[in-house]
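Peer 1: coords please:
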Amino acid sequence: MKQNMDRQSSESAGVHIHRRNEPLLRVVKRSELTGRQIILLRLLAALLALAAGGLFILCLGYNPFTVYATILSGAMRSPMAIQATVKIVVPLLIASLGVTLAFKMRFWNIGAEGQMIMGAIFASYFALFHADWNHWVLLAVMALTGILGGALWGLIPAFFKAKYGTNETLFTLMLNYIALYLVSWLQDGPWRDPGSQGFGKIARFDKNAALNKVFGVHCGWIVALVLVVVFFIYLRYTKQGYEISVVGESQETARYAGMNVRKILLRTMALSGGVCGLGGMLQAAGADITLTMGVAGGVGFTAIIVAWLSQLNPMTILVVSALFGILEKGSSVVQSNFGLSTDCADVLQGIILFFILGCEFFIRYRFVGRGQKERGE
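Peer 2: Residues are numbered from 1 along each chain as shown. Sure, this is the predicted structure:
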């Protein structure tokens, strides 16, 4: 009996020490939620985002309801405002579709920014030096070379990942800066506009090299919508789309099933970079009508957020990209109407995104307090 008491005492002491060494809170994977629970959680996140943003606006001395109404009306109040919103959405939508391909394969492509820039550079060569070609031939060549530029920039990290197992996150990130400073070199060097005064810039494209407009917006929006449908079919109903999903789940399983993982990796990153490169071409020839260091303008990084918020679903990406476009265009109107600084508009967007992204965390994980057991323990 004494031995039993001693054993119980030692076990109790062991449990006590174990619990004392546990962190106060632990993050554990949540059991799968139902569709209704996920919708309710996302609605709650949206309400909290609006409430927190409203509190920030109130602290600035403005009526939150008035500011939110201005964001919506600013993006949709007139045909010209809608056109400006669509121009924001187009490159974001295309870049989001591009990174979705890589993310489906669990290849962390953080280089959409650089791939867009390279697509714009390749296309700009023909816009600047072959502007006398037939209009449609020129645009077709610009589109193809834009895809080629982005694809090559995507293949570089894919090759080193497949051959040497390099870290694709850092590799693709660093390539962004190489592409950006390549534009800087071009505008101050071989492609510098002779008529520029004081600072280097690249000449505006000839009208023959500019994209045609449809309903007041360059035709890139039609290309973007077509890509949404194509990507939806490609990822869901084609053999290559299935291979991407299998490689993303487990490369070992893919190899066991007889799939050439290296080939799939290279092919998918070429497609991912090529689509982003096409987005860069459309931005240079459609919205900017020239090549500048701001041709990507941070879109490649925002596309990562859009793709994950959309659960890598092309149709959902269309909706989320549109909401981002409305928020960005509306925030610029709020900035001008209320005299807010750019920083205030960015903070408001950041607050809203913080809660929306936080919601995705709580869909997948939950906190467990010290001494509490996880389900299944």
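
Peer 1: Which parts of the stretch 51-200 of the chain are helices?
Peer 2: 64-76, 79-104, 112-129, 135-164, 168-188 (DSSP state H, counting those that start in this stretch).

Peer 1: what about the closest residue to residue 209 other than its chain neighbours, neighbour count?
Peer 2: Here the nearest residue to residue 209 in space, its sequence neighbours aside, is residue 127; by C-beta to C-beta, 6 or more residues apart in numbering that works out to 3.7 Å. Where you see a C-beta, it was placed from the backbone N, CA and C, and this is true even at glycine. By other C-beta atoms under 10 Å, the residues close to residue 127 number 29.

Peer 1: I figured residue 127 hits residue 142, correct?
Peer 2: Yes - taking contacts as C-beta atoms under 8 Å, residue 127 lies within contact range of residue 142: 6.1 Å.

Peer 1: Spell out which residues are contacts of both of these two.
Peer 2: The contact sets of residue 127 and residue 142 overlap at 209, 285 (C-beta atoms under 8 Å, 6 or more residues apart in numbering).

Peer 1: Just to be sure, residue 226 is in a strand?
Peer 2: No - if the criterion is DSSP: H, G, I helix; E, B strand; the rest coil, then residue 226 is helix and not within a strand.

Peer 1: and the spatially most central residue of the chain, what element?
Peer 2: Centroid-nearest residue in the chain: residue 303, 1.2 Å away (criterion: C-alpha atoms, centre = their mean). Here residue 303, judged by DSSP states H and E, is contained in helix 299-309.

Peer 1: pLDDT on that helix, on average?
Peer 2: For helix 299-309, mean pLDDT is 90.

Peer 1: List of residues touching stretch 293-311?
Peer 2: By C-beta under 8 Å, 6+ apart, stretch 293-311 touches 91-92, 95-96, 98-100, 103, 110-117, 120, 176, 180, 183-184, 187, 276, 279-280, 283-284, 288, 316-317, 319-321, 324, 353, 356-357, 360.

Peer 1: do that again at 7 Å, thanks
Peer 2: Around stretch 293-311, the neighbours that count as contacts under C-beta atoms under 7 Å, 6 or more residues apart in numbering are 91-92, 95-96, 99-100, 103, 110, 112-113, 116-117, 120, 180, 183-184, 276, 280, 283-284, 288, 316-317, 320-321, 324, 353, 356-357, 360.

Peer 1: Look up how far residue 138 lies from residue 112.
Peer 2: 26 Å (C-beta to C-beta, to the nearest Å).

Peer 1: if we can go back for a sec, how far out from the middle of the chain is the helix holding residue 303?
Peer 2: Counting by C-alpha atoms, centre = their mean, to the nearest Å, helix 299-309 is centred 2 Å from the centre of its parent chain.

Peer 1: just checking, the residue nearest to residue 209 touches residue 288?
Peer 2: No - Residue 127 lies out of contact with residue 288 (C-beta atoms under 7 Å); the separation is 10.9 Å.

Peer 1: circling back to that earlier point, who's more crowded, residue 112 and residue 138?
Peer 2: residue 112 (35 against 21).
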